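**Student:** no sequence for this one, just the structure:
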Ligand SMILES: [Zn+2]
């Protein structure tokens, strides 16, 4: 099967996920719920075919999706719902802008997601980031070794 020619078929409805802007997988990547590694391995889905997430998109350009059952918005804590609506709607808006943005895929996620990842993985292989991190940490480490010297 050649996925390049066939495009990626939705795991739920079976139709082609024609654009990244319709992709639930990429939406979750933008939101930081899916890692870059998982992106290659996960099944594709339309944003609308995942109502559990899509119900939180509140935008004039998006037809509201209703989710039924225990994960429906009206079953959840209103504070959580408000938070998710803000977060998921921001992610969805970013997703709509990505095709024309020219950004590399590593910079698709929301700024706070990228930031959190960099903090989680200071030992990442990217040498430039590593030295940037080292520079940032330099003062802190100097401070510690100065303290240790004083203790000895
Ligand atoms: Zn679908």
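**Tutor:** That came through, no problem. None of the values given here were measured: they were computed from a predicted structure.

**Student:** quick one, domains of the chain?
**Tutor:** 3-120, 122-152 (automatic domain parsing).

**Student:** and these as a markdown table, adding mean neighbour count and mean pLDDT?
**Tutor:** Where C-beta positions appear, they are placed from N, C-alpha and C, glycine not excepted. What follows is the domains of the chain, written out as a markdown table (neighbours: other CB atoms under 10 Å; pLDDT from 0 to 100):
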| stretch | mean neighbour count | mean pLDDT |
| --- | --- | --- |
| domain 3-120 | 15 | 93 |
| domain 122-152 | 10 | 62 |
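
**Student:** pretty sure residue 23 contacts residue 46?
**Tutor:** Yes - under the criterion of CB atoms under 8 Å, residue 23 makes contact with residue 46 at 7.4 Å.

**Student:** what is in contact with the two at once?
**Tutor:** Applying CB atoms under 8 Å, 6 or more residues apart in numbering, one finds that residue 23 and residue 46 are jointly contacted by residue 17.

**Student:** What parts of this protein come near the ion?
**Tutor:** By CB under 5 Å from the ion, the residues of the chain that approach the ion are 10, 12, 13, 46, 49.

**Student:** which among the residues you listed gets closest to residue 72?
**Tutor:** Nearest to residue 72 among the residues of the chain next to the ion: residue 49, at 16.2 Å, using CB to CB.

**Student:** Run through the residues that contact the closest one.
**Tutor:** Contacts of residue 49 by CB under 8 Å, 6+ apart are 10, 11, 12, 13, 24.

**Student:** Swap in 6 Å and give it another go.
**Tutor:** Neighbour list for residue 49: 10, 12, 13 [criterion: CB atoms under 6 Å, 6 or more residues apart in numbering].

**Student:** And the strands in this structure?
**Tutor:** 8-9, 16-17 (DSSP state E).
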